[in-house]
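Colleague: the following block contains a protein sequence and its predicted model.
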Amino acid sequence: MGIIRDSKTDPNKILPMHYMWARKYYKGGIANNWTPEEVSMQRDVEQWKSSTALTPQERHLILLNLGFFSTAESLTANNLVLTVYRHVTNPECRQYILRQAFEEAVHTDTFIYCCDTLGLNPEEIYTMYENVDVIKAKDEFVVDLTKSILDPSFDIVDIKTTQQFVHDLIGYYVIMEGIFFYAGFAMMLSLRRHNKMVGIGQQFEYIMRDESLHLAFGCDLINTIKAENPEIWTHEFQAEIVCLIKKAVDLEIDYAMNACPDGLLGITSRQFVEYVQHIADRRLERIDLPTLYHVENPFPWMSQSTDLSKEKNFFETRVTEYQTAGSLDWDDKD
């Protein structure tokens, strides 16, 4: 029995389970459940309307991140539903993929909520992927990485097509969700740490926790396919993947430098560069490839944001539990 394109697998029969790690990710996703309306945006609105609460650079940074994430979440959801689900035939993995698709819908709704609450121009925000060069470059890179399996005629039938599927999974999970999202996370959580746009910052923190699960599931999926099809993991294929990740790092550094050219609240632009390089090394390690950059994490508090077990709900007195870090064991907390 295999995890992809297995004709012997009955996708309607989830028991007995064969990949218990997939079940753990599903339970972790349930433990992380949230909706954007749970987060108060009152202080964000006050700061956004104020002429002194935010600098022009901070406003640029916020708009750029909203513009990138608002369309990137839709891009990831489309890849997930239209391609990954079709080829991953194992039922417990499909159960998690359905949970992940729901979370991508929540993330998409989050940016609708942010735009509506702040009174932003949706035409400006939702066309940045066409009009802002650093966003357009990232989106086009990922679209190009994953276009093969979007072809309705694509099927996994041999070594070459299995490699293509893994190539596209790496583009989707490792690069898009594992590298391209993280400079934006660091910027928005930096603002929150200084009591600026705390509502949006909390939502970005919740999204990051979801994405940590997505990334970990994706890496386990990739590694399982490799283990079941060892002939695909050639030196040439590995070198191709390393080149893709190096290109992704360059694009993410360009994005970070455009969003934050002069640093932010005591953080230098160089630290953002080092952070992107650091997480890229962690992603390479996770799929058994050699690291490239060998830099320390300049933002250890980013791991803490993922690891925190509880967050206060602004609207209610209850505490929303986040059990991800305590119930699951993986290496992608940065």
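Modeller: Good, I have the coordinates. Since we're looking at a predicted model, the values are computed, not measured.

Colleague: tell me the contacts of Phe102?
Modeller: Residues near Phe102 by Cβ atoms under 8 Å, 6 or more residues apart in numbering: none. Just so you know, the C-beta spots here come from the backbone N, C-alpha and C atoms, and that holds for glycine as well.

Colleague: host element of it?
Modeller: Taking DSSP states H and E as the definition, Phe102 sits inside helix 91-118.

Colleague: got it, and Phe68?
Modeller: helix 56-79.

Colleague: that older thread, would you mark the buried spots in the helix holding Phe102?
Modeller: 91-97, 99-101, 103-104, 106-108, 110-111, 113-115, 117-118 (16 or more other Cβ atoms under 10 Å).

Colleague: so where's the stretch 201-334 of the chain uncertain?
Modeller: Filtered on pLDDT under 70, the stretch 201-334 of the chain yields the residue ranges 304-334.

Colleague: how about a cut-off of 90?
Modeller: 259-270, 301-334 (pLDDT under 90).

Colleague: could you check the angle helix 91-118 makes with the helix or strand containing Asn223?
Modeller: If you go by DSSP H and E, Asn223 is part of helix 198-228. Interaxial angle of helix 198-228 relative to helix 91-118 (axes from the mean of the first three to the mean of the last three Cα atoms, to 10 degrees): 160 degrees.

Colleague: pull the distance from helix 198-228 to the chain's centre.
Modeller: From the chain centre to the centre of helix 198-228 is a distance of 6 Å (Cα atoms, centre = their mean, to the nearest Å).

Colleague: Three-state assignment for the nearest residue to Glu228 once chain neighbours are set aside, please.
Modeller: Nearest residue to Glu228, sequence neighbours excluded (Cβ to Cβ, 6 or more residues apart in numbering): Gly2, at 5.2 Å. Taking DSSP: H, G, I helix; E, B strand; the rest coil as the rule, one finds Gly2 in the coil state.

Colleague: Gly2 reaches Leu221, doesn't it?
Modeller: No - judged on Cβ atoms under 8 Å, Gly2 makes no contact with Leu221 at a distance of 11.9 Å.

Colleague: more neighbours, those two?
Modeller: Neighbours were counted for Gly2 and for Leu221 using other Cβ atoms under 10 Å; Leu221 has more, 25 against 16.

Colleague: that one and Asp168 touch, don't they?
Modeller: No - the pair Leu221 and Asp168 fails to qualify as a contact (Cβ under 8 Å) at a distance of 11.8 Å.

Colleague: the helix or strand containing Gly28: which residues count as buried?
Modeller: When elements are assigned from DSSP H and E, Gly28 belongs to helix 20-31. Along helix 20-31, these residues count as buried under the neighbour rule (16+ other Cβ under 10 Å): Trp21, Ala22, Arg23, Lys24, Tyr25, Tyr26, Gly28, Gly29, Ala31.

Colleague: ok, the fifth one - contacts?
Modeller: By Cβ under 8 Å, 6+ apart, the contact set of Tyr25 is Tyr96, Arg99, Leu213, Ala216, Phe217, Asp220, Leu328.

Colleague: per-residue pLDDT, the most centrally placed residue in the chain?
Modeller: Nearest to the mean C-alpha position of the chain, counting by Cα atoms, centre = their mean, stands Glu177 at 2.7 Å. At Glu177, the model reports a pLDDT of 92.

Colleague: for it, which three-state class applies?
Modeller: helix.

Colleague: show me what whichever helix or strand comes after the helix holding Gly28 is packed against.
Modeller: Using DSSP H and E, the next helix or strand after helix 20-31 towards the C-terminus is helix 42-49. Packing contacts for helix 42-49, counted by 3 or more Cβ pairs under 8 Å, 6 or more residues apart in numbering; DSSP states H and E, involve helix 91-118, helix 198-228.

Colleague: kind regards, and thank you for your time.
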